[in-house]
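**Student:** my questions are about this predicted structure, shown below with the sequence.
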Amino acid sequence: MLPTTADNGARLAAILPSGLAAVARGTGTQLPADLAYAASEALPSLRAFVLIVVDGLGSANLAARIGHAPNIGALQRKRIETVAPSTTGAALTTLLTGRLPGEHGLIGYRIRHPEAGLVTTLRDWDEIADPSSWQRATPLLSRATEVGARAIAIGRPAHATGGLTEAILSGADYLGGQRIADRFALASQALRSGDPAIIYLYVDELDKAAHESGWQSEAWVRRLEQLDAALGDFLRTLPGDVGVALTADHGIVDVASHQQVMLDADPPLLEDVEEIGGEPRFRSLYVREGADADRVAAAWSEAEGQRAWVMTRERAIEAGYFGPVQPEVADRLGEVLIAARKQVAYYSSSDDPRALAMVGQHGSFTDEERGVPLALGGALAGSGFAAAVARAAAQPR
């Protein structure tokens, strides 16, 4: 049985277009024709829209620790669904382009480039001669001037440059803040100018803590408390014509070392497999030329049973998990996909010890990994923004 999904991340993709539409109403400018699907009478008129993305803050994770986040808990909040795979490169690109992974092309963590081989979407950009053919969609922050607004991206100073930053944040002024509180202070300062703005604010500390210690650790809770305190200070001084949406790229599950499954423990299962991509909760098997992907998938499905969803790439695309997929994007995935269903992670014995030491994991289709919050504050509180996002998600592009 294949996994079932609500919208494969369509509402996640619609958040920033809806924010742009709300600012267009506030500035009295015409929304660009290709973004007209996001226009809605349910949207408030905004002078500025702030999109806060908290890496690794899943809905289930937040709900379990909501007592440590009273400011987030006070916001209007609902669960939406992230993309497949539920991984950072794919999800951030969807958030910042309004397109699903099958369209923008960053369709996983470690995927196949036609010249460079297996590369990670977060780091390995040096060998990619044409980044615009690798990340295929237009970054939405570059469209802010079309609605009369300045685009600002706020994150760690270390993220100011790099392949992924250039691929998804082009067109924005980048402001670096080392601490969570520093980033919110930069957003407050930018808003005080009174100019129309689209602001993207990225927090990655919770994800880092989860990978190192697990989301159930004290370290993760401390980061949640820091986020909540900084958010509370930010909201208390927020001008009345500014809307705030807080969401995440994926949720987290904790996987102990004894729950790791070694893909190379049964060599016959890998006879027709040339390379292994993806990540521990969503593995991508690249089969040798001439091998039968259906047969490979059937063998893995029998071996894994209820522990994983195993499917061919073709079947996953037919199910619509990645949105519309062009052939050149499809080739980036392996012909056979293994998505963890139980609390396991798939490794090879030759994997980097640092990867084997990770506790918090994501990438698969479980509710914990797919569910992310959409929390609204400022001028979006009590508005029809969430309904407008749902409407935009259902519109044809």
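**Tutor:** On my side now, so go ahead.
**Student:** go ahead and confirm Gly155 touches Glu205.
**Tutor:** No: counting by CB atoms under 8 Å, Gly155 does not reach Glu205; the two are 11.1 Å apart. Where you see a C-beta, it was placed from the backbone N, CA and C, and this is true even at glycine.
**Student:** and the helices in the stretch 201-350 of the chain?
**Tutor:** Assigned by DSSP state H, counting those that start in this stretch, the stretch 201-350 of the chain shows helices spanning 205-213, 218-236, 293-304, 313-318, 327-330.
**Student:** can you lay out the ones you listed as JSON lines showing mean neighbour count, mean pLDDT and distance to Pro373?
**Tutor:** Output for those, formatted as JSON lines (neighbours: other CB atoms under 10 Å; pLDDT from 0 to 100; distance: least, CB to CB, whole Å):
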{"stretch": "helix 205-213", "mean neighbour count": "21", "mean pLDDT": "98", "distance to Pro373": "12"}
{"stretch": "helix 218-236", "mean neighbour count": "18", "mean pLDDT": "98", "distance to Pro373": "12"}
{"stretch": "helix 293-304", "mean neighbour count": "17", "mean pLDDT": "98", "distance to Pro373": "31"}
{"stretch": "helix 313-318", "mean neighbour count": "18", "mean pLDDT": "98", "distance to Pro373": "26"}
{"stretch": "helix 327-330", "mean neighbour count": "14", "mean pLDDT": "96", "distance to Pro373": "28"}
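**Student:** for these, which one sits closest to Leu106?
**Tutor:** Closest to Leu106 of the helices of the stretch 201-350 of the chain, according to CB to CB: helix 327-330, at 9.2 Å.
**Student:** hang on, the earlier thing: which among the helices of the stretch 201-350 of the chain is found nearest to Ser284?
**Tutor:** Here helix 313-318 is closest among the helices of the stretch 201-350 of the chain (CB to CB), at 8.1 Å.
**Student:** got the contact list for the closest one?
**Tutor:** For helix 313-318, contacts defined as CB atoms under 8 Å, 6 or more residues apart in numbering pick out Leu2, Ala84, Gly102, Ala293, Phe322, Val325, Ala330, Leu333, Gly334, Glu335, Val336, Leu337.
**Student:** out of those residues, which are buried?
**Tutor:** The neighbour-count test (16 or more other CB atoms under 10 Å) marks Ala84, Gly102, Ala293, Phe322, Val325, Ala330, Leu333, Gly334, Glu335, Val336, Leu337 as buried among these.
**Student:** Arg397 - how many residues pack around it?
**Tutor:** 14 (other CB atoms under 10 Å).
**Student:** returning to what we had before: nearest to Arg397, of the contacts of helix 313-318?
**Tutor:** Out of the contacts of helix 313-318, the member with the shortest distance to Arg397 (by CB to CB) is Gly102, at 12.1 Å.
**Student:** got the contact list for the closest one?
**Tutor:** Ile317, Phe322, Gly323, Pro324, Val325, Gln326, Val329, Ala330.
**Student:** check these and tell me the two furthest apart.
**Tutor:** Maximum distance among the contacts of Gly102 (CB to CB): 11.8 Å, for Gly323 and Ala330.
**Student:** show me how the record splits this protein into domains.
**Tutor:** With domains defined by automatic domain parsing, the chain comprises 10-253+365-394, 257-360.
**Student:** what's the end-to-end length of the last one?
**Tutor:** Length of domain 257-360, first residue to last, CA to CA, to the nearest Å: 11 Å.
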